[in-house]
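# Mind folding the following:
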Amino acid sequence: MVYTIVVHLYAKDDPVAIEKVKSKLIEASQVYSKDKETISWFVMQDHIDPRAFTIVERYEHESSQKYHLGNPYWKTFDPYVIPLLEKPMDLRRFNELDTSKEVKVEE
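Next comes the predicted model:
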């Protein structure tokens, strides 16, 4: 079962802060996408509000996070990003639903 973490970030109302968050997220994706048992590590910016960002982290298992948290880069992320944010990160954890089997919903 794929374990997914979705994180919403909201940058301060400052073009420099927005650009720094954006660049750090791109860098983080490039680093974390190489971690063992990481399926994908996507970063997105809202199409209307440039201050709003989302990270979607997909792992083979919940236990796969140990490789993410063990990556030396992880210790640099929060200290850099948190001062650039308007509010705390909103982190949610999910188990992806299995969509490989056909399902029929009765009416």
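
# Mind naming the longest helix for this protein?
Longest helix in the chain, counting residues (DSSP state H): helix 15-32.

# For that one, output the C-alpha coordinates as CSV.
Extracted in CSV, the C-alpha atoms of helix 15-32 (Å, rounded to 0.1, in the frame of the first residue of the first chain):
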residue,chain,number,x,y,z
PRO,A,15,8.3,38.2,-3.5
VAL,A,16,11.7,37.2,-2.1
ALA,A,17,10.2,34.8,0.4
ILE,A,18,8.0,33.3,-2.3
GLU,A,19,10.9,32.7,-4.6
LYS,A,20,13.1,31.2,-1.8
VAL,A,21,10.3,28.8,-0.9
LYS,A,22,9.8,27.8,-4.5
SER,A,23,13.5,27.2,-5.1
LYS,A,24,13.9,25.2,-1.8
LEU,A,25,11.0,23.0,-2.8
ILE,A,26,12.4,22.3,-6.2
GLU,A,27,15.8,21.5,-4.7
ALA,A,28,14.1,19.3,-2.0
SER,A,29,12.2,17.4,-4.7
GLN,A,30,15.4,16.7,-6.6
VAL,A,31,17.1,15.4,-3.5
TYR,A,32,14.3,13.4,-1.9
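
# Helices along this structure, start to end?
Listed in chain order, the helices of the chain (DSSP H) span 15-32, 65-70, 74-81.

# most packed of those?
The highest mean neighbour count among the helices of the chain, using mean count of other Cβ atoms under 10 Å, belongs to helix 15-32: a mean of 16. Where C-beta positions appear, they are placed from N, C-alpha and C, glycine not excepted.

# and the longest helix of the chain with helix 74-81, angle?
Put simply, helix 15-32 runs at 170 degrees to helix 74-81, going by axes from the mean of the first three to the mean of the last three Cα atoms, to 10 degrees.

# To Asn95, which of the helices of the chain lies closest?
helix 65-70 (13.1 Å; Cβ to Cβ).

# for the record, mean pLDDT for that closest one?
Per-residue pLDDT values across helix 65-70 average out to 93.

# Which strands and helices lie in contact with that helix?
When contacts are defined as 3 or more Cβ pairs under 8 Å, 6 or more residues apart in numbering; DSSP states H and E, helix 65-70 packs onto strand 52-59.
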